[in-house]
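>>> this is a predicted model, with the sequence first.
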Amino acid sequence: MQLAGKRAVVTGSNSGIGLGIARELARAGADVVINSFTDSPDDHKLAEDIASQTGANVRYIQADMSKPEECRALIEKAGGCDILVNNAGIQHVARIEEFPVEKWNAIVAINLSSAFHTSAAALAGMYEKGWGRVINIASAHGLTASPYKSAYVAAKHGVVGLTKVTALEAAGKGVTCNAICPGYVLTPIVEKQIPDQMKTHNMDRDTVIKEVMLSRQPSGEFATVEQMGGTAVFLCSDAAAQITGTTISVDGGWTAL
Ligand code: NAD
């Protein structure tokens, strides 16, 4: 198995893209730590289910990625990691003049600063082993902008910058760092927006998806969590050993427009 003997930590992975990446890393043979800020029986059951489906060793560790000390404690509790996927993220949409300060602070903390804290805790262990992969989940919004998403776009551009610095500091040590930039992926958070959009635009579900959500995605299709997982597994492969400090768009052509 490609990733046998490697330990992966995926932040914000009890749902959506993080869960898809955790599954694909487990399928590729890695031991996987899944995470969120909750600590429910369902979270631990999820880890058991992935373990039984893949044969991998999968644990759930609760840690709130809005809190620097919990980001660092996650890596310690995991026992360090060979593969770090910084995926936890939240969104809020409002004009800058009306953007709540606490939402700005939470988005910057969870979507950007958490990746700094987990990387700070994980890199020394990777350098010691002479092998490591840091994969930051940015967004098409790490490369381009939309109105009303100031905190998210600023944080995701910050993630791309952090990715480049991490790659430069890790260069020559067997450790790479890259950002995956998804376009629209039909995760629970996106699914929940559909009824509101149907009301706002007075459209049916299919028209909202096609004309509102996927209007910037030339393929006209959602990207999938399995595709994000497959891209993460590729970035962990030997073929990707010289890919570092860059972004990989998985966005149906969004950023080519
Ligand atoms: P999601 O809501 O399904 O997943 C977000 C995950 O982050 C969940 O597991 C949630 O529990 C976790 N999380 C939230 N706050 C946390 C906290 N304080 N501490 C720990 N975990 C926390 O959404 P998703 O679509 O899977 O998003 C995952 C990542 O992908 C995010 O960084 C998001 O910005 C990015 N992304 C998503 C899309 C998309 O279209 N879905 C597009 C581009 C980028």
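Looks like it came in fine.
>>> wait, is Glu97 part of a strand?
No. Remark: Glu97 does not belong to a strand; assigned using DSSP: H, G, I helix; E, B strand; the rest coil, it is helix.
>>> Gly142 and Val160 touch, don't they?
Yes. Look at Gly142 against Val160 with Cβ atoms under 8 Å: they come within range, at 4.4 Å. Where you see a C-beta, it was placed from the backbone N, CA and C, and this is true even at glycine.
>>> overlap of the contact sets of those two?
Ala179, Cys181, Thr247 (Cβ atoms under 8 Å, 6 or more residues apart in numbering).
>>> could you look up the SS state of the second one?
What that stands for is Cys181. Three-state assignment for Cys181 (three-state DSSP): strand.
>>> so how many other residues sit close to it?
The number of residues packed near Cys181 is 25, by other Cβ atoms under 10 Å.
>>> distance of it from the ligand?
7 Å (Cβ to the nearest ligand atom, to the nearest Å).
>>> likewise for the first one?
From Ala179 across to the ligand, the span is 10 Å (Cβ to the nearest ligand atom).
>>> that residue: how many residues sit nearby?
A count of nearby residues for Ala179, using other Cβ under 10 Å, gives 29.
>>> tell me the contacts of it?
By Cβ under 8 Å, 6+ apart, the residues touching Ala179 are Ile135, Asn136, Ile137, Ala138, Gly142, Val159, Val160, Thr163, Thr246, Thr247, Ile248.
>>> just the buried residues out of the residues you listed, in ChimeraX syntax.
In ChimeraX, this line selects whichever of those come out buried by 16 or more other Cβ atoms under 10 Å:
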select :135,136,137,138,142,159,160,163,247,248
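>>> and of the contacts of Ala179, the nearest to the ligand?
The ligand lies nearest to Ile137 out of those, by Cβ to the nearest ligand atom, at 4.6 Å.
>>> and that closest one, what are its bridge partners?
Ile137 has these beta-bridge partners by DSSP bridges: Ile180.
>>> is it correct that it is in contact with Pro182?
Yes. Under the criterion of Cβ under 8 Å, Ile137 makes contact with Pro182 at 7.1 Å.
>>> who touches both of these two?
Common neighbours of Ile137 and Pro182 (criterion: Cβ under 8 Å, 6+ apart): Ile17, Met228.
>>> the closest residue in space to Ala115 that isn't next to it in sequence: neighbouring residues, count only.
Spatial nearest neighbour of Ala115, chain neighbours left out: Asn86 (3.7 Å); criterion: Cβ to Cβ, 6 or more residues apart in numbering. Neighbour count for Asn86, taken as other Cβ under 10 Å: 32.
>>> so what's Asn86 bridging to?
Asn136.
>>> quick check: Val134 vs Val160, distance?
In this view, Val134 and Val160 are 13 Å apart by Cβ to Cβ, to the nearest Å.
>>> I meant to write Ser52 there.
Ser52 sits at a distance of 37 Å from Val160 (criterion: Cβ to Cβ).
>>> equivalent analysis for Arg133, please.
Going from Arg133 to Val160 by Cβ to Cβ gives 17 Å.
>>> mind giving me the packing neighbours of the longest helix along the chain?
Ranked by number of residues, the top helix in the chain under DSSP state H is helix 150-170. On a contact count with 3 or more Cβ pairs under 8 Å, 6 or more residues apart in numbering; DSSP states H and E, helix 150-170 meets helix 101-107, helix 114-129, strand 132-137, strand 175-182.
>>> run through the residues of the stretch 1-150 of the chain sitting next to the ligand.
Proximity of the stretch 1-150 of the chain to the ligand, by Cβ under 6 Å from any ligand atom, involves residues 12-18, 36-37, 64-66, 87-90, 110-111, 137, 139.
>>> what subset of the residues you listed is buried?
Neighbour-count burial (16+ other Cβ under 10 Å) applied to those gives 12-14, 16-18, 36-37, 64-66, 87-90, 110-111, 137, 139.
>>> all set now, cheers.
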